[in-house]
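K.L.:
fold the following for me, if possible:
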Amino acid sequence: MPPIMNGHSHNHQGFTDGDIDLTNPMVKDISNTSQYISSPTTQLTPQSREGRTYLFGHPIAHSLSPVVHTNVFSSLSLPWTYTLHESLSIPSFLDLLHREDFRGSAVTMPHKVHICKYLDGLTDEAEKVGACNTVFIQTDEGGSKRYIGTNTDVIGIREAFWRNVPNAAKVC
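P.N.:
You can find the predicted model right below:
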């Protein structure tokens, strides 16, 4: 099976350093990725299309997330950026969070627990485990932004369990 991320200058398929090998069967069809990028409560309009997304944590310089997300955004023709915000300072992240062009963020160690108290709400998953690894925006009926934390680790583990364990309901 070919690697998901190509780590050498050029391989036989013509990919360069950091490219995602979209021929790999483990990489889903990115044409369907828009369902994960925009929450049902947030509508992208031509005026709001440009945006910034982040990975917030420390240390994160090794992360491949900017490569992955930049390729996804590009494939969807979204003029968004994905930037590493390597910091131990939650206030510095909150400044980014409240920018007009903020669209969302991944949150990693050491901030997954402490960021929760600065958000407007948490999904059931984040509430139950007491940690948040993703921040997204919900817009209420009055047009006000609400910053919501979720935990996609919990969602991923739960879905993997339900889809792969025979008679999962009996095990729980």
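K.L.:
going forward, measure contacts between C-alpha atoms and count neighbours the same way
P.N.:
Noted.
K.L.:
does residue 71 sit in a helix, a strand or a coil?
P.N.:
helix (DSSP: H, G, I helix; E, B strand; the rest coil).
K.L.:
correction: the previous question concerned residue 111.
P.N.:
coil.
K.L.:
ok, longest helix in the protein?
P.N.:
For the chain, the helix with the greatest residue count under DSSP state H is helix 152-164.
K.L.:
which residue ranges of this structure form strands?
P.N.:
Counting by DSSP state E, the segments of the chain that form strands are 51-57, 80-86, 102-107, 121-122, 134-139, 145-150.
K.L.:
next, the angle from the first one to strand 102-107.
P.N.:
Right, strand 51-57. Counting by axes from the mean of the first three to the mean of the last three C-alpha atoms, to 10 degrees, strand 51-57 lies at 20 degrees to strand 102-107.
K.L.:
which secondary structure elements does strand 51-57 contact?
P.N.:
Here strand 51-57 touches strand 80-86, strand 102-107, going by 3 or more C-alpha pairs under 8 Å, 6 or more residues apart in numbering; DSSP states H and E.
K.L.:
which elements pack onto the last one?
P.N.:
Contacting strand 102-107 under the criterion 3+ C-alpha pairs under 8 Å, 6+ apart are the following elements: strand 51-57, strand 134-139.
K.L.:
circling back to that earlier point, nearest to residue 164, out of the strands of the chain?
P.N.:
Nearest to residue 164 among these is strand 145-150 (23.0 Å), distances taken as C-alpha to C-alpha.
K.L.:
on that earlier part again, and the strands of the chain: which comes nearest residue 165?
P.N.:
strand 145-150 (24.2 Å).
K.L.:
sorry, back to before: what would the helices and strands packed on strand 51-57 look like in TSV with mean neighbour count and distance to residue 167?
P.N.:
Listed next are those as TSV, based on neighbours: other C-alpha atoms under 10 Å; distance: least, C-alpha to C-alpha, whole Å:
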stretch	mean neighbour count	distance to residue 167
strand 80-86	19	40
strand 102-107	23	33
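K.L.:
redo those strands as JSON lines? Include mean pLDDT and distance to residue 136.
P.N.:
Shown next, in JSON lines, are the helices and strands packed on strand 51-57 (pLDDT from 0 to 100; distance: least, C-alpha to C-alpha, whole Å):
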{"stretch": "strand 80-86", "mean pLDDT": "95", "distance to residue 136": "14"}
{"stretch": "strand 102-107", "mean pLDDT": "96", "distance to residue 136": "5"}
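K.L.:
need those in CSV (columns: distance to residue 49).
P.N.:
Formatted as CSV, those follow (distance: least, C-alpha to C-alpha, whole Å):
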stretch, distance to residue 49
strand 80-86, 8
strand 102-107, 9
